[in-house]
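S.K.: mind looking at a prediction? Sequence and model below.
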Amino acid sequence: MKISTALVAVLLLAALGGCGVVRAQGGESSESPSPTPLCPEAVEAPGMPSPCVTMPSWEQKHAGNEAYRQRAALSAKAAAEGKPVAEALRGRFAELREGKLYGEAHVAKAVRAVAPPGRNVVIRAGGARSAVVFAIELSGGCVTGFYDERESEVEVGGYVYDGGCLAAPGH
């Protein structure tokens with residue numbers, strides 16, 4: 001059975017009193033509303049593990065859980081390829097809005113009309129009102145956004161950390 005170093009450290013700390021427990025003279029432990037940690041601040045010898053196990057804060061865990069939505073950096077080549085596509089699509093959306101044309105069929109037609117040949121295009125309902133979310137996959141990046149009866153947004157950006165141009169629905 002393989003036991004991880006972190007598990008051994010936690011068990012050892014629990015047996016020895018661990019971090020955050022205040023020991024009175026004589027070895028008795030005392031509860032306090034705000035215990036003073038006994039673990040030293042960043043006292044580590046090269047090649048030796050820290051004597052304390054630290055856990056990330058809730059904020060750090062939450063940020064890590066939301067990281068899939070973040071976009072990777074966009075290369076200059078992908079930005080140059082995406083800019084004219086995004087501009088053309090903004091023009092198409094202005095025409096749709098002028099004609100009071102909304103919904104998935106109209107947005108899909110506009111997006112496919114400006115997408116470079118052979119590129120992956122994703123069109124899906126965006127939830128509220130008549131919103132439609134779209135993505136055009138480019139070499140190393142994406143043109144993404146949404147369109148509905150009130151507003152539209154078209155951006156050029158890198159892939160999301162989950163992969164692809166759009167975060168998976170339901171995240």
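M.R.: Right, received. Where do you want to start?

S.K.: so residue 116 touches residue 138, yeah?
M.R.: Yes. Contact status for residue 116 versus residue 138: in contact at 7.2 Å, counting by CB atoms under 8 Å. Heads up, the C-betas are built off the backbone N, CA and C, glycines and all.

S.K.: neighbour-wise, which of those two wins?
M.R.: Taking other CB atoms under 10 Å, residue 116 and residue 138 do not tie; residue 138 has more neighbours (24 against 15).

S.K.: common neighbours of residue 116 and residue 138, please.
M.R.: 81, 85 (CB atoms under 8 Å, 6 or more residues apart in numbering).

S.K.: low-confidence ranges, this protein, go.
M.R.: 1-54, 58, 60-69, 128-129, 170-171 (pLDDT under 70).

S.K.: all strands for it, in order.
M.R.: Taking DSSP state E as the criterion, the chain contains strands spanning 22-23, 29-30, 121-125, 132-138, 141-147, 152-157.

S.K.: burial of residue 159, as a residue count?
M.R.: Quick note: residue 159 (other CB under 10 Å) scores 20 neighbours.

S.K.: any idea how far residue 161 is from the nearest residue to it once chain neighbours are set aside?
M.R.: Using CB to CB, 6 or more residues apart in numbering and skipping residues adjacent in sequence, the residue nearest residue 159 is residue 72, 5.2 Å away. As judged by CB to CB, to the nearest Å, residue 72 and residue 161 stand 7 Å apart.

S.K.: try residue 145
M.R.: Taken as CB to CB, the span from residue 145 to residue 161 is 19 Å.

S.K.: quick one: which of the two has more around it?
M.R.: Neighbour tally, residue 145 and residue 161, criterion other CB under 10 Å: the higher count belongs to residue 145, 23 against 13.
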